[in-house]
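Colleague: one predicted model, sequence on top.
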Amino acid sequence: MTTKLAIVYYSSYGTTHAMAQRVAEAAEKHGAEVRLRHVAETAPAEVVEGQEAWAAHRREVEDQPVASPDDLDWADAVVFGSPTRYGHVTSQLQAFIDTLGPLWSQGRLADKVYTAFTSSQTKHGGQESTLLAMHTTFAHFGGVIVPPGYTDQLKFNDGNPYGVGKVTGQSTDLDDDDHAALDHLVVRALTVAEKLAA
Ligand SMILES: Cc1cc2nc3c(=O)[nH]c(=O)nc-3n(C[C@H](O)[C@H](O)[C@H](O)COP(=O)(O)O)c2cc1C
């Protein structure tokens, strides 16, 4: 059976978008059927247009599919991605999560595999609290939360057992450690989903 994976993410400036794309590539390489979906922008247009990098990213994704609750209903495994905002999940991803009440009330978000990634500018800027906030949501879904832990030696490079976190600093480009951690995150989630389905 082919595992169905939904990657649902938000990105203002493109870092989390690049992470989501890498997760999608790794999942497809592993053999999964993938839906890569960004959530709708909720910030006022004048705020977005006021920052060229933000506006440029909106133009980049405007033709790409927007997440809907059906994407989670469809999926066997789900990856959420959100930049860290004041140590927390973005309001854009949270707004999408808040549309999931009907599925939640029918128990249709339960028994799927869930995992998460984030990006922040600084090393101690709240990646863990952002990832754990997403885990809290997964718990409410009745999801099977699959953190990476230190289940591979490569996790000692990125040092984040809760998910994957990119520290951008001055460079938003993903490096080899980021790629390795993202590949490991999604392959592990898919492997657990395959075991659950067996
Ligand atoms: C409103 C706002 C709040 C932010 N809060 C944090 C924060 O708490 N800690 C941190 O390290 N970076 C913070 N950042 C920086 C972003 O997390 C960082 O630039 C992230 O990589 C952006 O992801 P994106 O390129 O996908 O939009 C914040 C940025 C904005 C615009």
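Modeller: Right, received. Where do you want to start?

Colleague: so Ser119 sits in a strand?
Modeller: Yes - the assignment for Ser119 is a strand, going by DSSP: H, G, I helix; E, B strand; the rest coil.

Colleague: now do the contacts for it.
Modeller: Each residue near Ser119 by Cβ atoms under 8 Å, 6 or more residues apart in numbering is listed here: 15-16, 19, 83-84, 127, 165-168, 172. Bear in mind the C-beta positions are built from the backbone N, C-alpha and C, glycine included.

Colleague: gap between the two ends of stretch 31-46?
Modeller: 41 Å (Cα to Cα, to the nearest Å).

Colleague: of the contacts of Ser119, which are in range of the ligand?
Modeller: Restricting these to those within reach of the ligand (Cβ under 6 Å from any ligand atom) leaves 15-16, 83-84, 168, 172.

Colleague: turn the residues you listed into a markdown table, including secondary structure, neighbour count and pLDDT.
Modeller: Below are the ones next to the ligand among the contacts of Ser119 laid out as a markdown table (DSSP: H, G, I helix; E, B strand; the rest coil; neighbours: other Cβ atoms under 10 Å; pLDDT from 0 to 100):
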| residue | secondary structure | neighbour count | pLDDT |
| --- | --- | --- | --- |
| Thr15 | helix | 23 | 96 |
| Thr16 | helix | 26 | 98 |
| Pro83 | strand | 25 | 98 |
| Thr84 | coil | 25 | 98 |
| Thr168 | coil | 17 | 94 |
| Thr172 | coil | 16 | 80 |
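
Colleague: now, the most widely separated pair of those?
Modeller: The two members of the ones next to the ligand among the contacts of Ser119 with the most space between them (Cβ to Cβ) are Thr84 and Thr172, at 13.5 Å.

Colleague: in the helix-or-strand element of the chain with minimal mean pLDDT, which residues are buried?
Modeller: For the chain, scoring each helix and strand by mean pLDDT, DSSP states H and E identifies helix 155-158 as the least confident one, at a mean of 91. Of the residues in helix 155-158, those scored as buried under the neighbour-count criterion (16 or more other Cβ atoms under 10 Å) are 155, 158.

Colleague: counting contacts, what elements does it pack onto?
Modeller: helix 176-197 (3 or more Cβ pairs under 8 Å, 6 or more residues apart in numbering; DSSP states H and E).

Colleague: is the ligand within reach of the helix it packs on?
Modeller: No - Helix 176-197 stays clear of the ligand (Cβ under 6 Å from any ligand atom), getting no nearer than 11.5 Å.
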